[in-house]
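Could you look at this predicted model? Sequence included:
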Amino acid sequence: MLTKVYGSAVFGIEATTVVVEVNIDKGIGYHLVGLPDNAIKESNFRIAAALLNNGYKVPGKKITINMAPADLRKEGSAYDLPIALGILAASGQIKSDLLEHYLIMGELSLDGGLQAVKGALPIALNARDQGFKGLIMPKENAKEAAIVKELEVYGVDELIKVIHFFDKDVPLERFHVDPDSLFDENQFHSDNDFADVKGQESIKRCMEIAAAGGHNIIMIGPPGAGKTMLAKRLPSILPPMTLNEALETTKIHSVVGKLASTGLIHQRPFRSPHHTISDVALVGGGSYPQPGEISLSHNGVLFLDELPEFKRSVLEVLRQPLEDREVTISRARFTITYPSSFMLVASMNPSPSGYFHDPDNLMNSSASEIQRYLSRISGPLLDRIDIHIEVTPVPFEKLSEERKGEGSAAIRKRVVAAREIQTGRFCEESTIHYNAQMNTKQIRKYCDLESHALKMLQQAMERLKLSARAYDRILKVSRTIADLAQEENISSEHILEAIQYRSLDREGWLG
């Protein structure tokens, strides 16, 4: 007898329906085909023990299982449940008339318990798009999958409950989640607030500008100046995520199994990988491709602390994702594209010793050592960082103050107002949403300078010996500064402030 059970395979961050075809005929043997990996090939042992411990059995006949489409590689242990149900239905141990209406996934324990699977959200979206009535999966994944509207989601913790649902019409517990209310309740909560930062008003201003325009930023300063503390608070002033952004971000985290119990990511991610990370771990890939850190920080912040300590090959793979806002992983038989629209926030010491150039300091590094240290970061990578800012230590007077600084909520209001201006400005641009994404054409269109401001920019570039690559970056940042000031035109004051934020473009910069 032939029976079909429907599952799903996650490819990139999208899911594809997989038909598990089980045919039982005369003879002896167990044949599993359709490009399964080792975890699926081992499923027969788990399934046999789980069925036996729940009063059922794998029939002693010829069992052929095909996972279609047969040319798509299947990975993971999440196919245990659909295969087990297919064997029971094909052998006549349970009824099969309802199986075609549900998409089913789950890993089996030997006692029949169901273990969590990866990619629940993409699987649920696929089930809805393919017109299935419902989705049956482990209870741990139900809250995540229930985010998808117009789909019945059932979370189950035991195999026997699924069997009774199909064979004895015993109802399962359906999960209900209102993504809108869940999203609204949690998106503004943050443990890190700019009110905790003492002093550093100029750096907080830089952070506000970076958040308002989506600009990448690098902070240069000695140890203990507060670079990491400031970076961790940047997500608290970014505009709230839209529901579509939250769903897209959740899909990426779902694929790698890194979701919180809420089921929906409602705050912008903040990722801070160690400097020993490999290029594959950062950009994504591997034998079975998975999203890397740059995709896990999609719609959020990627913080690279002590930037020169990262391997040069690792830093160079950032160049294309920073430009294209996505990363493409190509292999001989397939190509996967992961979204990676993130803000890059980097920090570094100005020298190997950790301090700015000071001839009177005995621990000071030589000019050649500093130049060699700075050269670890390539020009093309720096070209994609709009704001360079020097961070100096906070004096004791500021540290001992009891008065708190301006909080993240107040800063976020100004950032949101500036982003609304940019949304209106780029309403006809499909790929441009904020100032940092502008290309040369948009810069010429939206960053037109009056003659006085243009002359001032020319003088500054000649006097400070700024490099040519600084020109477009200064215009982008000055456009954001004008937006924060709610001004339509870029003035000389905006240009002057933007020029301050290009420290590493000065020729011969030594801190």
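Yes, it's here.

the bottom helix or strand of this protein by mean pLDDT?
helix 179-186 (a mean of 62; mean pLDDT, DSSP states H and E).

Of all the helix elements in the protein, which one is longest?
Ordering each helix of the chain by length in residues (DSSP state H) puts helix 408-425 first.

Could you report the distance from Leu51 to Met461?
Counting by C-beta to C-beta, to the nearest Å, the gap between Leu51 and Met461 amounts to 75 Å. C-beta: built from backbone N, CA, C; applies to glycine.

list the contacts for Ile65?
Shown here is Ile65, whose contacts under the criterion C-beta atoms under 8 Å, 6 or more residues apart in numbering are Val20, Glu21, Val22, Asn23, Tyr30, His31, Leu32, Val33, Gly34, Ile83, Gly86, Ile87.

sec struct for it, please.
Judged by DSSP: H, G, I helix; E, B strand; the rest coil, the three-state class of Ile65 is strand.

Not counting stretch 297-308 itself, show me its contacts.
By C-beta under 8 Å, 6+ apart, stretch 297-308 touches 218, 227-228, 231-232, 234-235, 238, 241, 245, 248-249, 252, 268-273, 275, 293-294, 310, 315, 338-349, 373-374, 376-377.

Would you quantify the distance from Tyr288 to Asn244?
Distance of Tyr288 to Asn244, computed by C-beta to C-beta: 28 Å.

got it, and Met438?
From Met438 to Asn244 the distance is 22 Å (C-beta to C-beta).

Looking at these two, which is more packed in?
Shown here are Met438 and Asn244; by other C-beta atoms under 10 Å, Met438 has more neighbours (23 against 9).

Would you agree that one is in contact with Thr431?
No - taking contacts as C-beta atoms under 8 Å, Met438 lies outside contact range of Thr431: 10.4 Å.

Dead centre of this protein: give me the residue that sits there.
Most central residue of the chain, judged by C-alpha distance to the mean C-alpha position with C-alpha atoms, centre = their mean, is Leu296 at 2.6 Å.

Look up the closest residue to that residue, ignoring the ones flanking it.
Setting aside the residues directly before and after it, Leu296 is nearest to Arg271 in space (C-beta to C-beta, 6 or more residues apart in numbering), at 5.4 Å.

now swap in Asn192 and tell me
That would be Arg233: by C-beta to C-beta, 6+ apart, it lies 4.5 Å from Asn192.

repeat for Cys447
Distances taken as C-beta to C-beta, 6+ apart put Leu475 closest to Cys447, at 4.2 Å, once the chain neighbours are dropped.

and the one you found, what does it touch?
Leu475 sits next to Ile443, Cys447, Leu449, Ile490, Ala498 when contact means C-beta under 8 Å, 6+ apart.

Could I have the buried ones of those residues as ChimeraX selection syntax?
With 16 or more other C-beta atoms under 10 Å as the criterion, this ChimeraX line picks the buried residues out of the contacts of Leu475:
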select :443,447,449,490,498
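
what's the closest of the contacts of Leu475 to Leu99?
Within the contacts of Leu475, the smallest distance to Leu99 is 57.4 Å, found for Ile443 (C-beta to C-beta).

pretty sure that closest one is in a helix, no?
Yes - following the definition three-state DSSP, Ile443 is counted among the residues of a helix.

Find the helix or strand that the residue nearest to Cys447 is a member of.
When secondary structure is defined using DSSP states H and E, the element that contains Leu475 is helix 470-484.

quick revisit: what is the burial count for the residue nearest to Leu296?
So Arg271, with other C-beta under 10 Å, has 18 neighbours.

Run a quick check on it versus Glu293, I expect a contact.
Yes - using C-beta under 8 Å as the test, Arg271 is close enough to Glu293 to be in contact (5.1 Å).

neighbours around Gly92, how many?
Applying other C-beta under 10 Å, we find 12 other residues in the vicinity of Gly92.

who's in contact with Gly106?
The neighbourhood of Gly106, defined by C-beta under 8 Å, 6+ apart, consists of Ala78, Asp80, Leu81, Pro82, Leu114, Gln115, Val117, Ile136, Met137, Pro138, Val156.

helix or strand right after the helix or strand hosting Ile329?
Using DSSP H and E, the secondary-structure element containing Ile329 is strand 326-330. Later in the chain than strand 326-330, the nearest helix or strand by DSSP H and E is strand 335-339.

Given that next one, what are its sheet partners and their directions?
strand 326-330 (antiparallel) (DSSP bridges).

Show me the domain layout of the chain.
As recorded under automatic domain parsing, the domains making up the chain are 2-177, 185-426.

For those, which has the smallest mean pLDDT value?
Of all the domains of the chain, mean pLDDT reaches its minimum on domain 185-426 (a mean of 85).

Can you lay out the contacts of Gly106 as a markdown table showing secondary structure and neighbour count?
Supplementary listing: the contacts of Gly106 in a markdown table, determined by DSSP: H, G, I helix; E, B strand; the rest coil; neighbours: other C-beta atoms under 10 Å:
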| residue | secondary structure | neighbour count |
| --- | --- | --- |
| Ala78 | coil | 30 |
| Asp80 | helix | 27 |
| Leu81 | helix | 29 |
| Pro82 | helix | 27 |
| Leu114 | strand | 26 |
| Gln115 | strand | 17 |
| Val117 | coil | 24 |
| Ile136 | strand | 27 |
| Met137 | strand | 31 |
| Pro138 | strand | 23 |
| Val156 | strand | 21 |
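
what's the closest of these to Pro179?
Nearest to Pro179 among the contacts of Gly106 is Met137, at 17.5 Å by C-beta to C-beta.

so who does that closest one touch?
The contact partners of Met137, by C-beta under 8 Å, 6+ apart, come to Ile104, Met105, Gly106, Leu114, Val117, Ala120, Ile123, Ala145, Val153, Tyr154, Gly155, Val156.

Next, count neighbours for the closest residue in space to Ala70 that isn't next to it in sequence.
The shortest distance from Ala70 to any non-neighbouring residue, by C-beta to C-beta, 6+ apart, is to Gly34 (4.5 Å). With neighbours defined by other C-beta under 10 Å, the count for Gly34 comes to 20.

hang on, isn't Gly34 packed against Ala68?
Yes - proximity of Gly34 to Ala68 meets the contact threshold set by C-beta under 8 Å, at 6.2 Å.
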